[in-house]
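S.K.: any chance you could fold what I've pasted below:
(chains A and B)
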Amino acid sequence: MIKSLFRSSLAMLSMVSAVAMAADSPASLMAHYAATAGVPVSALSATRGETLYRTEHPGRNAQAVSCASCHTANPTQPGRTRVGKQIEPLAPAANPQRFTDAAKVEKWFRRNCTDVLQRECSAQEKGDFIAWLSQTK
Amino acid sequence: MNYLLRGIGVVTTVGMISLLSFSLPSPSGEARGDGGSNTLPRLTHKNWQQECASCHIAYAPAFLPKASWRRVMGGLDQHFGENASLDPVTQADILRFLEANAADAGTSRMGNRVMQGMDAKAAPLRVTETRWFVRKHDEVSRAVWSRKSVGSAANCAACHRQAEQGVFDEDTVNIPK
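M.R.: This is a model prediction of the structure:
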């Protein structure tokens, strides 16, 4: 009894891990964010995504900050953190690892949007952002 | 729903990793010998390596005492002006690792040196503020620290070419122009 309970919970655990490990893609994340925002994927806008990427906001020491401050004006190029460490390119065309892990993507949107915009990004904005980056060559 | 499952997945993975690490000699992370005074013990800890090395090198736990690590890990949402926040499970896991290998944990020679000249109650937030660091770098002029190629004293890898591997020997130092 205990043994079979143990076995079935093990089976359940591995199923759960399988789901958690399932690879995400820029397209699946766009679909996810569009659904969360309650719009069709076709309503995501690469133009708005680019604006979000480039718009400067007042930052520390009256220095303007944008997503491009760290990820550079050209997201197919490597960027640099404030401490000077290299950041691999954000555009999937240059770095296929990007937008393949939903938890990682969420973590960095949460951090970087609050740093740059002083608020979290909406689901629509996240979708727009990925829409732009995935068509950047 | 998807997120709930994902959460459970993360919890099980983290749980499995911590279970695994209990079977290792040290509480978590594996020390493969202390390679001399300016080389750090080789430590491996998945969450620490993954979460604390994206913006700078993963500063060795032996560079700061336990009390410092508690302060650093308690304020990740306002981390030196940036948001480095983590989920509570990962955060607690990393803190446990940092404490087990901290300067005052007695697990490395580097740590013993860092503790020399440190007040028992001190809990500096920065490695670069410790008396040990300042003494080691007293020959580096102020102008060098502010060079664009260095950017910040916290950018160890700008001058210590093998900093990511925990090697800080004299002959691996190369101050960029």
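
S.K.: so what are the domain limits for chain B?
M.R.: B:44-136, B:140-177 (automatic domain parsing).

S.K.: from those domains, pick the one with the highest average neighbour count.
M.R.: Mean neighbour count (mean count of other C-beta atoms under 10 Å in any protein chain shown) peaks for domain B:44-136 among the domains of chain B, with a mean of 18. C-beta coordinates here come from the backbone N, C-alpha and C atoms, glycine included.

S.K.: I'd like the distance from it to the chain centre, please.
M.R.: 5 Å (C-alpha atoms, centre = their mean, to the nearest Å).

S.K.: hmm, it in reach of chain A?
M.R.: Yes - Domain B:44-136 lies within reach of chain A by C-beta under 8 Å from any C-beta of the partner chain, at B:54, B:55, B:56, B:57, B:81, B:82, B:83, B:84, B:85, B:86.

S.K.: you'd agree the second one is up against residue A:83?
M.R.: Yes - taking C-beta atoms under 8 Å as the contact criterion, residue B:55 and residue A:83 are neighbours in contact, 5.7 Å apart.

S.K.: where does chain A dip in pLDDT?
M.R.: Across chain A, the ranges flagged by pLDDT under 70 are A:1-22.

S.K.: could you do chain B as well?
M.R.: Ranges of chain B meeting pLDDT under 70: B:1-38.

S.K.: can you show me the helices along it?
M.R.: Secondary structure of chain B (DSSP state H): helices at B:2-22, B:46-51, B:66-74, B:88-100, B:109-115, B:131-136, B:142-145.

S.K.: residues in contact with the spatially most central residue of chain A?
M.R.: Centroid check for chain A by C-alpha atoms, centre = their mean gives residue A:105 as the closest residue, at 3.3 Å. Counting by C-beta atoms under 8 Å, 6 or more residues apart in numbering or on different chains, residue A:105 makes contact with A:24, A:29, A:99, A:126.

S.K.: highest neighbour count among these?
M.R.: For those, the largest number of neighbours (other C-beta atoms under 10 Å in any protein chain shown) sits with residue A:126, at 25 neighbours.

S.K.: that one contacts residue A:108, correct?
M.R.: No - the criterion here is C-beta under 8 Å, and residue A:126 misses it with residue A:108 at 10.4 Å.

S.K.: mind checking how far the spatially most central residue of chain B is from residue B:120?
M.R.: By C-alpha atoms, centre = their mean, chain B has its centre lying nearest to residue B:59, at 2.7 Å. Separation of residue B:59 from residue B:120 (C-beta to C-beta, to the nearest Å): 22 Å.
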